[in-house]
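> only geometry, no sequence info:
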């Protein structure tokens, strides 16, 4: 009896919220698999992120026409991990392969890196601070694991 009394009961609203989150993740996974059939799972996500490009001439960030939900996904083939931005501002989406040699830096609200195969410096601004912290931590952990 006491074990039951100490266990917190979930309200119907809380149960519905959890079910909605699971349904949303399942839907997002389906969409991501259409774009990349090798997507195995969503490791984490941020509801809203914006892609920026650093302009060397003006020494400032310029917003790209790329914003929407950001996903860290695990794939069934190499590269095993990828950042994927589902663009709400246009037809093209953005993806970045996460590899052991990815040069990543966290500066304020930006998750920055040097473009793969180019001199471009790109950055993602993630709207919610808690999502920013979790995504940055996860991506850093993946890079560390892959660089061993």
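Nice, thanks for sending it over. Because the structure is predicted, anything quoted here is derived from the model rather than measured.

> tell me the contacts of the spatially most central residue of the chain?
A centroid search over the chain (Cα atoms, centre = their mean) returns residue 71, at 3.2 Å, as the residue closest to the centre. By Cβ atoms under 8 Å, 6 or more residues apart in numbering, the residues touching residue 71 are 28, 32, 42-45, 83-86. The way it works is simple: take the backbone N, C-alpha and C, and place the C-beta from them, glycine included.

> Buried among the residues you listed? Need that as a selection in ChimeraX.
Entered in ChimeraX, the line below selects the buried ones among the contacts of residue 71, by 16 or more other Cβ atoms under 10 Å:
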select :28,32,42,45,83,84,85,86
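
> Which single one of the contacts of residue 71 is nearest to residue 76?
Closest approach between those and residue 76, by Cβ to Cβ: residue 32, at 12.4 Å.

> That closest one: helix or strand, and which one exactly?
helix 12-35 (DSSP states H and E).

> again with residue 42
Going by DSSP H and E, residue 42 is part of strand 39-55.

> doesn't residue 73 fall inside a strand?
Yes - membership of residue 73 in a strand is supported by DSSP: H, G, I helix; E, B strand; the rest coil.

> Hmm, residue 35 and it touching each other?
No - assessed by Cβ atoms under 8 Å, residue 73 is found out of contact with residue 35, at 10.1 Å.

> and these two? which has more neighbours close in?
A side-by-side neighbour count of residue 73 and residue 35, using other Cβ atoms under 10 Å, places residue 73 first with 24 against 11.

> Just the buried positions in the helix holding residue 32, please.
28-29, 32.

> Include distance to residue 143 and pLDDT when you put these into CSV, please.
What follows is those, written out as CSV (distance: Cβ to Cβ, whole Å; pLDDT from 0 to 100):
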residue, distance to residue 143, pLDDT
28, 23, 94
29, 23, 96
32, 21, 97
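
> Let me know the closest of these to residue 112.
Using Cβ to Cβ, those come closest to residue 112 at residue 32, 23.5 Å.

> Can you name the residues that contact that closest one?
So residue 32 contacts 39, 42, 71, 73, 84, 86 (Cβ under 8 Å, 6+ apart).
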